[in-house]
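S.K.: below are the sequence and a predicted model; questions follow.
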Amino acid sequence: MRLRLTPRETSFYDMFSASADNIVTGSKLLLELLGADASARSEIADRMRAAEHAGDDATHAIFTQLNSSFITPFDREDIYRLAGSLDDVMDYMEEAVDLVVLYQVQELPKGVEQQIEVLARAAELTAEAMPNLRTMRNLTEYWIEVNRLENQADQIHRKLLAHLFNGKYEAMDVLKLKQIVDVLEEAADAFEHVANTVETIAVKES
């Protein structure tokens, strides 16, 4: 760890943790969506929208702090990238829920629950990892596991696409469902971007 002779703005750690905790809230709403009927889904979408707005506020707070801080705990570019990647995760999860409601999907295809379970696990790992940015310790297993989960998400996504194109669905339903599973895959990719950014930060700080 290189020696620093100047104080650092430490509020970023708390803000990253708050952003990650909000993503856990979003992942729990996704899990709720799985067992909800059409009337309950609309209410879940409202709560997810509120969580997404909270995520936007958290990201804005990080950018505001970044613009007003002379000394930062690590590279400014990495702070910007990490905040943006966390925000992307929340955006994709909110989009998926919104599409389910807007498209009036009656039943999600088998396999979507696996996608969402992977996202929920990645959310938990990310929330657990953010406080460790203070010390840059115990992070290696985090980014290794999130990358493994993203690979798992890729496999689930490919199987879902094969299922959707097996001829059992109407063409319009295929288009709707494919967009939903694609957005959930984007969320998994965004989690990997978060983990890769954390790895970059840890390597620079070591």
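M.R.: Arrived safely.

S.K.: which SS state does residue 110 fall under?
M.R.: coil (DSSP: H, G, I helix; E, B strand; the rest coil).

S.K.: need the contact list for it.
M.R.: Neighbour list for residue 110: residue 163 [criterion: C-beta atoms under 8 Å, 6 or more residues apart in numbering]. C-betas here are computed from N, CA, C, even on glycine.

S.K.: who touches residue 156 in this structure?
M.R.: Contacts of residue 156 by C-beta under 8 Å, 6+ apart are 111, 114, 115, 118.

S.K.: got the confidence number for the second one?
M.R.: Right, the one you point to is residue 114. pLDDT for residue 114: 97.

S.K.: which residues sit against the helix or strand encompassing it?
M.R.: Residue 114 belongs to helix 112-129 when assigned by DSSP states H and E. Surrounding helix 112-129, the residues in contact under the criterion C-beta under 8 Å, 6+ apart are 17, 20-21, 23-24, 26-28, 30-31, 33-34, 86, 89, 93, 139, 142-143, 145-146, 149-150, 152-153, 156-157, 160, 180-181, 184-185, 187-188, 191, 194-195, 198.

S.K.: mind checking which of these land in helices?
M.R.: Counting by DSSP state H, the contacts of helix 112-129 place 17, 20-21, 23-24, 26-28, 30-31, 33-34, 86, 89, 93, 142-143, 145-146, 149-150, 152-153, 156-157, 160, 180-181, 184-185, 187-188, 191, 194-195, 198 in helices.

S.K.: filter the residues you listed to the buried ones?
M.R.: With neighbours counted by 16 or more other C-beta atoms under 10 Å, the ones in helices among the contacts of helix 112-129 contain buried members at 17, 20, 23-24, 26-28, 30-31, 33, 86, 89, 93, 142-143, 146, 149-150, 152-153, 156-157, 160, 180-181, 184-185, 187-188, 191, 194-195, 198.

S.K.: most neighbours among the contacts of residue 156, please name it.
M.R.: Using other C-beta atoms under 10 Å as the neighbour criterion, residue 118 leads the contacts of residue 156 with 27 neighbours.

S.K.: for the residue nearest the centre of the chain, which non-adjacent residue is spatially closest?
M.R.: For the chain, the residue nearest the mean C-alpha position is residue 89 (2.9 Å; C-alpha atoms, centre = their mean). Counting by C-beta to C-beta, 6 or more residues apart in numbering, the nearest residue to residue 89 once its immediate chain neighbours are dropped is residue 190, at 4.3 Å.
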